[in-house]
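*Asks:* Pasting a predicted model and its sequence here:
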Amino acid sequence: MEKALGTKRVVLIDTLAVITAVFLAIAIKSLLPADVNVEDFDSRLVNLIGFPAVAILYFIIIYVHCIMVMQYFGKKSNLSKQQIGVRFGSVFAAMYLFGMQEVVVEASPFNEWGLLFMRYQFIIGITDAIPVLLLCLATSYLILNKNNSPEIIDHLKLGDKIKTVSLITVTFFIQRAIGYETGLVNSNAASFPIPTYLWTALFGLVLGLSYVVLYPVFSKTNFSLLQPFQIAVLTIGINWILFNSFIGLIFQDVMGQMLFRTGIDIAVLYATTLCAQLFFYSTDKTNDNRR
């Protein structure tokens, strides 16, 4: 039986892990050939403490959230700590990798670079994905006290997974399309419709896959209707909001729009997953969940 770590030791491991992940993320980005034009960043926070400090603060906040939700919910899960680390790490990594591909011309040189910028953004996404994946793998292994079998434990049927991923993809696409066409969500759909809508469909798919990947971690929850809130809002939702808030931290008068659009994203995701929980597999609980 593994001995549970003391609080001070957990805090120390988490602190060192976050610092290492932040250093790794910044170090990898510094190796990229394109320089960041800091003069374009005009937010009050950048003017007050400088862009490097803002970037470090952003990484600290988002990484702390990653390990907090993984460790809090992971301790209650019946999965092995290896599975928990892989599932959370891969979900956050995928969100950063594909989230970086969103077409936002005003905040990027997409209009001049075109496909070259998309390739550059993909590289940037990889530099965001690698540190968070390693962070989750390392802290889950070092902190979580799990003796479970490493075999895969999953309580969703294949048909339910397909329906859930499809529903999330479609609802995300529809709500974003409405936002684009009505002007509620700032976008470049009018100028670059194909890249914009391709990204929207792709990221909806990422959200759907992320939900079903994380679902087994939370399947031990006694009150099943809590699962959509825990996964869609507390885990995916807050992290997605934090990820998008970086633009608001470095550009003036952008934070409101970023919070609004991501808030709608998460509200629709939560409503969709709640419907899936009620109508697709609300009675799928097995005795294995409660062992």
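*Replies:* Great, that's in hand.
*Asks:* Tell me which residues are up against stretch 8-19.
*Replies:* L5, I60, Y63, V64, I67, Q71, L135, A138, T139, L142, I143 (CB atoms under 8 Å, 6 or more residues apart in numbering). Any C-beta I mention is one placed from the backbone N, CA and C, and that applies to glycine too.
*Asks:* 10 Å instead, please
*Replies:* 4-6, 56, 59-64, 66-68, 71, 131, 134-136, 138-139, 142-143 (CB atoms under 10 Å, 6 or more residues apart in numbering).
*Asks:* Identify those among those residues that sit within helices.
*Replies:* When these are checked against helices (DSSP state H), the matches are 56, 59-64, 66-68, 71, 131, 134-136, 138-139, 142-143.
*Asks:* So how do I select the buried members of these in ChimeraX?
*Replies:* Buried subset of these, written as a ChimeraX selection, criterion 16 or more other CB atoms under 10 Å:
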select :56,59,62,63,66,67,71,131,134,135,136,138,139,142,143
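*Asks:* Please enumerate the helices of the stretch 1-150 of the chain.
*Replies:* Ranges of helices in the stretch 1-150 of the chain, per DSSP state H, counting those that start in this stretch, are 7-30, 44-49, 51-74, 81-99, 110-113, 115-143.
*Asks:* and those helices, which one's lowest on average pLDDT?
*Replies:* The minimum mean pLDDT among the helices of the stretch 1-150 of the chain belongs to helix 110-113 (a mean of 53).
*Asks:* and R87, how many neighbours?
*Replies:* 22 (other CB atoms under 10 Å).
*Asks:* check contacts around F73.
*Replies:* F73 touches I84, F88, L214, V217, F218, K220, T221, Q230, I231, L234, T235, counting by CB under 10 Å, 6+ apart.
*Asks:* mind listing what the fourth one touches?
*Replies:* It stands for V217. Counted by CB under 10 Å, 6+ apart, V217 has contacts 69-70, 73-74, 76-79, 83-84, 87-88, 91, 153, 227, 230-231, 235.
*Asks:* go again using 8 Å as the cut-off
*Replies:* F73, G74, S77, L79, Q83, I84, R87, F88 are the contacts of V217 under CB under 8 Å, 6+ apart.
*Asks:* I'd like the distance between the residue lying closest to it once chain neighbours are set aside and D128.
*Replies:* For V217, ignoring the flanking residues on the chain, the nearest one in space by CB to CB, 6 or more residues apart in numbering is S77 at 4.7 Å. According to CB to CB, to the nearest Å, S77 stands 25 Å off from D128.
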